[in-house]
Each structure stands twice: as C-alpha cells, then as structure tokens.
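Chemist: Could you look at this predicted model? Sequence included:
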Amino acid sequence: MKTKVCPKCKLKYPKIKRKCPDCGFIKPRSVGDLKKDLWNVFSIYIRTRDCLRTTGCASWGLCISCGNLTNYSKYDIIHLGGGL
C-alpha cells in the first residue's frame, strides 16, 4: 500500500486517506479538482436554465440540433443550446 507523509506531524499514513489520523491535517484540494466540481455545477445550471427557457420545465428541454423534447441529462450543453 502506498503511503504519504503528513507535512505537519511527519507521520506516514495510507495514501487513500485525505486526513492525517494523528494530527487531523487535511490536505487542501487541488485546483484541478475544484475546476471539475465547478464545471459540473455550471453545466447543470446552464442545462436547467435552457430547459426553463424552452419548455418552462426544469428537467425537460427542446434540443436545438434535432428538435426533440427530452430530459436534459440525455444531452450535453450543445444540444440544448445556449443563450436563446
């Protein structure tokens, strides 16, 4: 099992844990992880916004590419359209 060293107390602990079991130090999340989370939230916001604009319902939208009425989780942002 891979281990890492706590920068605060220098204790070795399993790499799969984010929190040091001895001193409680929590490693901050990376910028890449935060960007992934932000992209997911932003994507849901844009899809919901476009569904509300096209159908008035938060979970069903009108696709600008094929014209189908479908659940927003079935399409990516491009299919639902933006900025109508």
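Modeler: Received, thanks.

Chemist: Give the buried residues for the helix or strand harbouring Asp37.
Modeler: If you go by DSSP states H and E, Asp37 is part of helix 31-54. Neighbour counts over helix 31-54 (16 or more other CB atoms under 10 Å) mark Ile46, Arg47, Thr48, Arg49, Asp50, Cys51, Thr54 as buried. All C-beta spots, glycine's among them, are computed from the backbone N, C-alpha and C.

Chemist: Using CSV, list the CA coordinates for that helix.
Modeler: What follows is helix 31-54, C-alpha atoms only, in CSV (Å, rounded to 0.1, in the frame of the first residue of the first chain):
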residue,chain,number,x,y,z
VAL,A,31,-7.1,23.4,-8.4
GLY,A,32,-7.9,20.7,-11.0
ASP,A,33,-10.4,19.0,-8.6
LEU,A,34,-12.1,22.4,-7.9
LYS,A,35,-12.3,23.1,-11.6
LYS,A,36,-14.0,19.7,-12.2
ASP,A,37,-16.6,20.4,-9.5
LEU,A,38,-17.2,23.9,-10.8
TRP,A,39,-17.7,22.7,-14.3
ASN,A,40,-20.3,20.1,-13.2
VAL,A,41,-22.2,22.7,-11.2
PHE,A,42,-22.0,25.2,-14.1
SER,A,43,-23.2,22.5,-16.6
ILE,A,44,-26.2,21.7,-14.5
TYR,A,45,-27.1,25.4,-14.2
ILE,A,46,-26.8,26.0,-17.9
ARG,A,47,-28.9,23.0,-18.8
THR,A,48,-31.6,23.9,-16.3
ARG,A,49,-31.7,27.5,-17.4
ASP,A,50,-32.1,26.4,-21.1
CYS,A,51,-34.8,23.9,-20.2
LEU,A,52,-36.8,26.6,-18.4
ARG,A,53,-36.4,28.9,-21.3
THR,A,54,-37.6,26.4,-23.9
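
Chemist: Off-centre distance for that helix?
Modeler: Centroid separation between helix 31-54 and its chain, computed with CA atoms, centre = their mean, to the nearest Å, is 7 Å.
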